[in-house]
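Colleague: quick one: sequence plus predicted model below, questions after.
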Amino acid sequence: MCIRDRYQRRVHGDNKMLSKIAGHLARRAAPIKTFARFSSTSADEEGEPDFLTMVKTNIDAASKHTKIRPDMLNIYKMCDTSIKFNIPIVRDNGAIEFVTAFRAQHKHHRLPVKGGTRYAMNMDLEETEALASLMTMKCAVVGLPYGGAKGGIKIDPSKYSKKELETLTRRYTLELWRKGFIGPAIDVPGPDMGTGAREMAWMCDEFSMLTGHHDINAQGCCTGKPLSLGGIKGRAESTGFGVFVTTRELCNDLEILKQYDIKPGLTGKRVIVQGFGNVGSWATRFLHDHGAVLIGVVERDGSIYNENGIDPYKLNAYREKNRTILNFPGSTSFPSSDEVMYKDCDILIPAATEKSINKFNAHKIRARIISEGANGPTTVYADKVLEEAGVLVLPDILCNSGGVTCSYFEWLKNLGHISPGKLLRRWEEKKNIRLVQVITNKLIGNELVLTDKDMRDIRGPQEEDVVLSGLEEVLCSAYDDVKLIAKSRNISLRMAAYASALEKIDDVFKDTGLYAS
């Protein structure tokens with residue numbers, strides 16, 4: 001009997017068994033479909049576009065306010081390269097498991113490409129490409145010399161031990177290296193949801209072992225690393241600082257605020273934040289320092305509210321100690337997010353996941369300003385509802401670009417092999433002392449005596465000072481560009497940000513001769 005006949009006989013003989021398996025799988029799939037409604041990739045079930053389509057829809061809408069050719073626009077929307085592969089892992093209990101990993105490089109018009117590494121169960125190739133395209137827009141709008149990328153592994157990191165996560169991260173790095181998807185001049189990953197400095201340290205070490213003996217810039221293969229491995233001070237707070245800076249600029253923009261009948265300034269502005277992780281906690285701390293009042297915090301396990309104000313510093317310490325924000329002293333706790341998310345406030349910061357403001361809840365939002373700290377937190381449908389309601393939205397590709405901007409500074413530090421400000425710090429300090437001495441002699445004529453506080457005030461800039469100063473410069477310049485486009489073309493800040501990004505990408509293609517003019 002030939003192999004084909006044996007195969008057919010076996011298949012026909014196993015029809016009953018296959019039917020049983022199919023029925024079992026169908027029953028297993030039912031609850032998964034129900035659960036999918038709550039994931040970020042289930043917009044088709046919700047009657048809205050999926051995440052990737054949502055990004056492309058924004059690009060199409062913004063392109064109508066530019067002179068970009070339709071054929072080139074299609075190229076800008078496409079993802080240049082993406083990969084999906086499986087990683088084997090031997091679990092601590094001896095079981096062998098395969099997990100799925102992804103990496104997408106949206107545009108190669110500028111290299112390297114740049115984007116985070118996410119460990120989450122809702123990772124798939126479509127979502128990876130959507131996040132990569134957002135990174136291209138984000139890098140372009142703030143003028144960084146990067147294309148966009150994104151990657152990750154489809155796991156729940158809380159269900160894996162530290163040893164298992166290290167094994168997965170190192171194997172993921174190895175596979176990216178084999179496929180040409182990592183390197184300081186090619187593709188520079190960074191942290192994202194489910195990852196942090198620890199995972200970036202493993203990634204950097206693995207890449208350095210593979211290629212560091214002939215690449216002096218190997219440390220620049222990723223960003224968000226610990227300081228001991230070439231990280232940079234200010235990285236932890238950079239995204240939250242960016243949310244603060246762009247929100248501050250908007251709240252001082254008298255021309256735009258007048259159109260929406262919003263009083264200028266941050267002092268007294270009531271803030272609600274959705275997601276009190278790295279971005280939300282740092283953003284509220286900076287806003288608190290400049291006079292805003294945090295009145296509500298929304299988290300996965302519930303929410304808290306205090307109309308008289310919540311101290312974000314004390315709340316952060318409380319959360320780190322108790323692993324929850326609930327029952328924070330002086331606040332009222334709620335078991336769900338609805339009670340606080342939709343309360344009246346001046347500024348709402350969605351800093352959790354994508355599509356948290358959608359067609360089902362957009363009409364409930366009572367904020368005057370939305371500063372998007374997360375990637376894609378507002379759907380296309382919700383955008384229209386908010387615009388009709390007179391809500392001013394500060395778009396994600398501008399508002400939360402502080403993280404990638406700081407990563408750019410870290411990458412430059414790794415390539416230059418010197419900390420920002422190190423060469424000039426002492427010189428700046430001595431110059432300031434001489435300046436104070438001259439003024440003192442001219443006005444008083446006495447010998448200069450400086451206290452410790454005086455020395456702190458006039459000291460030269462340290463690494464963190466240089467980083468935050470540069471970050472503020474980049475973001476303020478980008479905000480000014482977006483504001484001018486919004487004003488001159490009479491469009492929203494989101495459309496202006498996308499238009500700015502698209503025109504900068506188009507300029508690169510034109511100037512490099514990638515298409516005939």
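Modeller: In hand now; what should we look at? Residues are numbered from 1 along each chain as shown.

Colleague: quick one, helices of the stretch 301-450 of the chain?
Modeller: 312-322, 338-341, 380-388, 396-399, 402-416, 425-443 (DSSP state H, counting those that start in this stretch).

Colleague: can you lay out those helices as TSV showing distance to residue 492?
Modeller: The C-beta positions use only the backbone N, C-alpha and C, and glycine is treated the same way. Shown next, in TSV, are the helices of the stretch 301-450 of the chain (distance: least, Cβ to Cβ, whole Å):
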stretch	distance to residue 492
helix 312-322	29
helix 338-341	22
helix 380-388	7
helix 396-399	12
helix 402-416	21
helix 425-443	41
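
Colleague: of the ones you listed, which is nearest residue 56?
Modeller: helix 380-388 (10.2 Å; Cβ to Cβ).

Colleague: show me where this structure has its strands.
Modeller: Secondary structure of the chain (DSSP state E): strands at 81-90, 96-105, 113-119, 147-153, 187-191, 270-274, 293-299, 302-305, 332-334, 345-350, 367-371, 392-394.

Colleague: out of those strands, which one sits most buried?
Modeller: Burial of the strands of the chain is given as mean neighbour count (mean count of other Cβ atoms under 10 Å); strand 147-153 ranks first at a mean of 29.

Colleague: for that strand, the averaged confidence score.
Modeller: Averaging pLDDT along strand 147-153 gives 97.

Colleague: wouldn't residue 223 be in contact with residue 407 here?
Modeller: Yes. Contact status for residue 223 versus residue 407: in contact at 3.8 Å, counting by Cβ atoms under 8 Å.

Colleague: adding distance to residue 321 as columns, could you present the strands of the chain in TSV?
Modeller: Converted to TSV, the strands of the chain look like this (distance: least, Cβ to Cβ, whole Å):
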stretch	distance to residue 321
strand 81-90	33
strand 96-105	33
strand 113-119	25
strand 147-153	30
strand 187-191	23
strand 270-274	19
strand 293-299	15
strand 302-305	15
strand 332-334	16
strand 345-350	23
strand 367-371	28
strand 392-394	32
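
Colleague: the ones you listed: which one's closest to residue 510?
Modeller: strand 147-153 (16.2 Å).

Colleague: just the angle between the closest one and helix 402-416, please?
Modeller: With axes from the mean of the first three to the mean of the last three Cα atoms, to 10 degrees as the basis, strand 147-153 and helix 402-416 are set at 100 degrees to each other.

Colleague: starting from strand 147-153, tell me which strands it pairs with and how they run.
Modeller: Here strand 147-153 has these sheet partners by DSSP bridges: strand 96-105 (antiparallel), strand 113-119 (parallel).

Colleague: just the CA trace of the last one, in PDB.
Modeller: Included here for strand 113-119 are C-alpha records, laid out as PDB according to Å, rounded to 0.1, in the frame of the first residue of the first chain:
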ATOM      1  CA  VAL A 113      13.800  52.000  13.100                       C
ATOM      2  CA  LYS A 114      12.600  52.400  16.700                       C
ATOM      3  CA  GLY A 115       9.900  50.900  18.800                       C
ATOM      4  CA  GLY A 116       9.000  49.100  22.000                       C
ATOM      5  CA  THR A 117       8.800  45.500  23.000                       C
ATOM      6  CA  ARG A 118       5.500  44.400  24.500                       C
ATOM      7  CA  TYR A 119       4.700  41.300  26.500                       C
END
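
Colleague: my read: residue 172 touches residue 89, true?
Modeller: No. Assessed by Cβ under 8 Å, residue 172 is found out of contact with residue 89, at 10.3 Å.

Colleague: and the helices of the stretch 301-450 of the chain, which is most packed in?
Modeller: Using mean count of other Cβ under 10 Å, helix 396-399 ranks as the most buried of those, with a mean of 28.

Colleague: which other residues reach that one?
Modeller: 134, 137-138, 141-142, 242-243, 246-247, 371-378, 475, 478-479, 482, 493, 497-498, 501 (Cβ atoms under 8 Å, 6 or more residues apart in numbering).

Colleague: cool, stretch 320-335 as well?
Modeller: 276, 297, 299, 301-306, 308, 310, 314-315, 318-319, 340.
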